[in-house]
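[1] Using only what follows, build the 3D model:
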Amino acid sequence: MRMISNFKKVERIKMMRILNCLEFLLILVCLTLANDSQRIFQNSFYHGKISKDSVVLSGTPDPEVPYWNKAEVYRQGKLILQYSDKELELEGSPGHIFTEGRSGKDYVYILTINERPLPPRFLILKATKDSVGILGITGNTTAVIFGDVDKDGIFEIGGSARF
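    Down below sits the predicted model:
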């Protein structure tokens, strides 16, 4: 009985890996078809019933500048959130766009907004099993407090507003 149970777990893990690879390939194909080489993305962790999301940054006005002014979130190959602002300067590099945290039953994707010469602000996206939405944008902060530091299930970001 135990051997059958272990076999089923191994098969589930293999199936999840195959699905993750297929999702990755689907995103690559979508980005290629968009004919826009100025895009980068990062996949979230698998969240069980929530599935997993892909965050894509694009809209850099200058290929030499590593800032982006448009964020999109895809789930199962479908666009579920789009946010852009011509003044926005999101930081990111391929595979390193956001920090992922947990807030209660939901997940948060935390993207860094460059605010030079001040400390950065953070764009917080909240992922639930049904959707992804904008939770908010923090004020300028050095982010010395970053995470669920008091173990109450709420992700906190805090610090000084100046360097």
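[2] From now on I want contacts and neighbour counts done on CA atoms only, so please keep to that.
    OK.
[3] what's the spacing between Val73 and Asp148?
    Shown here: Val73 relative to Asp148, a distance of 24 Å by C-alpha to C-alpha, to the nearest Å.
[4] same deal with Lys78?
    Lys78 sits 30 Å away from Asp148, going by C-alpha to C-alpha.
[5] So between the two, which is more surrounded?
    Here Lys78 and Asp148 are compared on neighbour count by other C-alpha atoms under 10 Å; more neighbours surround Asp148, at 15 against 11.
[6] Quick one: residues contacting the residue lying closest to the more buried one once chain neighbours are set aside.
    For Asp148, ignoring the flanking residues on the chain, the nearest one in space by C-alpha to C-alpha, 6 or more residues apart in numbering is Phe155 at 4.5 Å. Residues touching Phe155, when contacts are defined by C-alpha atoms under 8 Å, 6 or more residues apart in numbering, comprise 101-103, 146-149.
[7] Show the residue spans covered by the helices in this protein.
    Taking DSSP state H to define them, one finds helices in the chain at 2-33.
[8] Out of the helices and strands in it, which is least certain?
    helix 2-33 (a mean of 59; mean pLDDT, DSSP states H and E).
[9] Confirm for me that Tyr109 is in contact with Lys126.
    Yes. Between Tyr109 and Lys126 a contact is recorded at 6.5 Å, counting by C-alpha atoms under 8 Å.
[10] more crowded one of these two?
    Remark: of Tyr109 and Lys126, Tyr109 carries more neighbours, 22 against 18, as counted by other C-alpha under 10 Å.
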